[in-house]
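Colleague: Fold the stuff below for me.
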Amino acid sequence: MGYNRFFIMLFAFIWSWPQLASALPSDRQQPILIESDRAQHNDKTGVTVYQGSVVITQGTIRIKADKVSVNAVGNKVTKIVCTGKPAHYQQQPRPDAELVTARANTIEYHLSKNAITLLGAASLEQEGSTLKGERINYDLQAELVEATGSTTGNQRIQMVIPPQKTEGAE
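Modeller: Residues are numbered from 1 along each chain as shown. You can find the predicted model right below:
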């Protein structure tokens, strides 16, 4: 029973990650590879923890973290937490788009809220634009990004928008 439940949790975890952003359609068709030094599943708490240089790949999706915790109620994943110094997430949203990369000490994905929270030295980059702050919230449903600086001290958010390329310019 414990091993069957572990594989159900693993399957649910795997299918929830591509929902983080609009993914390439081919990402969901690719095999998922999870590498870590160790993994532990607790049937009582519904938590599966991968530790030690965790790397998860599926198509263009790549996650690197020191630790990944998958929380579930029943067989439904409710929250995924990646921690590292920093944890990394990358994905190519469309064939014609550059990679979207996210970094933070903690990356939380709340499935019930359909939201991602980047905590601690957070940054989000795409097509030359960079957003940095202590906390970045991304509501996937509303497509709303909110960033905050440090509440202790005077670290402010930073947004870098590259200049637009003009036709004929090299």
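Colleague: Find the residue at the geometric middle of the protein.
Modeller: Tyr89 (4.8 Å; CA atoms, centre = their mean).
Colleague: which helices and strands sit right next to the helix or strand containing it?
Modeller: For Tyr89, the enclosing helix or strand under DSSP states H and E is strand 76-91. Strand 76-91 is packed against helix 2-16, strand 61-73, strand 100-110, with contacts defined by 3 or more CB pairs under 8 Å, 6 or more residues apart in numbering; DSSP states H and E. For the C-beta atoms, the positions are set from N, CA and C on the backbone; glycine is no exception.
Colleague: Show me the strands paired with the helix or strand hosting Val54, marking each as parallel or antiparallel.
Modeller: Using DSSP H and E, Val54 sits within strand 47-58. Sheet pairing of strand 47-58 (DSSP bridges) gives strand 33-35 (antiparallel), strand 38-42 (antiparallel), strand 61-73 (antiparallel).
Colleague: coming back round to it: please name the bridge partners of the residue nearest to the centre of the chain.
Modeller: Under DSSP bridges, the beta-bridge partners of Tyr89 are Ile63, Ala102.
Colleague: For it, give its distance to Val54.
Modeller: Look at Tyr89 and Val54: by CB to CB, to the nearest Å, they are 12 Å apart.
Colleague: What of Asp43?
Modeller: As for Asp43, its distance to Val54 is 21 Å (criterion: CB to CB).
Colleague: re the thing from before, joint contacts of Tyr89 and Val54?
Modeller: Counting by CB atoms under 8 Å, 6 or more residues apart in numbering, the shared contacts of Tyr89 and Val54 are Ile63, Cys82.
Colleague: ok so, going back, which of the strands paired with strand 47-58 has the highest mean neighbour count?
Modeller: Mean neighbour count, computed with mean count of other CB atoms under 10 Å, is highest for strand 61-73 among the strands paired with strand 47-58, reaching a mean of 20.
Colleague: and that strand, how far out from the chain's middle?
Modeller: Distance of strand 61-73 from the chain centroid (CA atoms, centre = their mean, to the nearest Å) equals 8 Å.
Colleague: what mean pLDDT would you report for the helix or strand hosting Leu118?
Modeller: Per DSSP H and E: Leu118 is located in strand 115-126. Throughout strand 115-126, pLDDT has a mean value of 91.
Colleague: Stretch 48-59 now?
Modeller: For stretch 48-59, mean pLDDT is 91.
Colleague: what stretches of this protein score poorly on pLDDT?
Modeller: 1-25, 28, 153, 167-170 (pLDDT under 70).
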